[in-house]
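K.L.:
could you work out the structure for the sequence below:
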Amino acid sequence: MKRDWKIHIVPDETTGLLSGHTHGLDKWGSLEIEINLHLRPEILGQYLNLIAEKIVKGLMVEDGERVMGIFDCPIYFFKTKSVQSEDEVLRVIVPDEEMRFPWDNDCSESYREQIEPKHILRRKDIYYERD
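P.N.:
The predicted structure is shown next:
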């Protein structure tokens with residue numbers, strides 16, 4: 001598949017957190033996607049490209065939606081403002097090594113940083129409704 005989107009990765013020099021996002025998915029009817037994690041830049045880029053490929057092939061996601069089948073674990077999408085701009089994006093939330101999400105009590109601290117506090121509360125509501 002020809003990749004006609006771009007990946008932009010920006011490090012936070014204070015925390016070491018990487019913020020990666022796409023440019024060009026709007027051509028496919030999607031908001032741009034963003035991931036904020038302590039990962040190596042090449043891994044973050046691979047994650048963004050895998051998700052972008054699914055979007056280009058027709059995956060449409062909603063705010064707060066849980067998605068299986070991209071990785072070997074579920075991921076969530078939240079519509080929010082980008083950490084890099086005022087643009088609205090779909091923030092991708094991935095679980096830690098123990099499959100815990102930021103709204104789970106024992107989630108690794110570095111994985112908690114990928115989500116804003118307002119999403120933790122909203123996600124708990126969705127989580128309990130769906131189980």
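K.L.:
and Met1, what pLDDT?
P.N.:
With respect to pLDDT, Met1 scores 64.
K.L.:
quick one, strands of this structure?
P.N.:
Assigned by DSSP state E, the strands in the chain fall at 6-11, 18-23, 32-37, 65-67, 75-81, 88-93.
K.L.:
turn those into TSV, including mean pLDDT and mean neighbour count.
P.N.:
The C-beta positions use only the backbone N, C-alpha and C, and glycine is treated the same way. Shown next, in TSV, are these (pLDDT from 0 to 100; neighbours: other C-beta atoms under 10 Å):
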stretch	mean pLDDT	mean neighbour count
strand 6-11	89	15
strand 18-23	90	20
strand 32-37	93	23
strand 65-67	92	15
strand 75-81	92	19
strand 88-93	94	22
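K.L.:
mind putting the ones you listed in CSV, distance to Arg100 included?
P.N.:
What follows is the strands of the chain, written out as CSV (distance: least, C-beta to C-beta, whole Å):
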stretch, distance to Arg100
strand 6-11, 25
strand 18-23, 20
strand 32-37, 14
strand 65-67, 14
strand 75-81, 13
strand 88-93, 11
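K.L.:
Glu113: which of these is closest?
P.N.:
Between Glu113 and the strands of the chain, the shortest gap by C-beta to C-beta is with strand 32-37, which sits at 6.9 Å.
K.L.:
look up how far Lys57 lies from the residue lying closest to Arg112 once chain neighbours are set aside.
P.N.:
Take Arg112 and drop its neighbours on the chain: the residue closest to it by C-beta to C-beta, 6 or more residues apart in numbering is Pro102, 4.6 Å away. For Pro102, the distance to Lys57 equals 28 Å [C-beta to C-beta, to the nearest Å].
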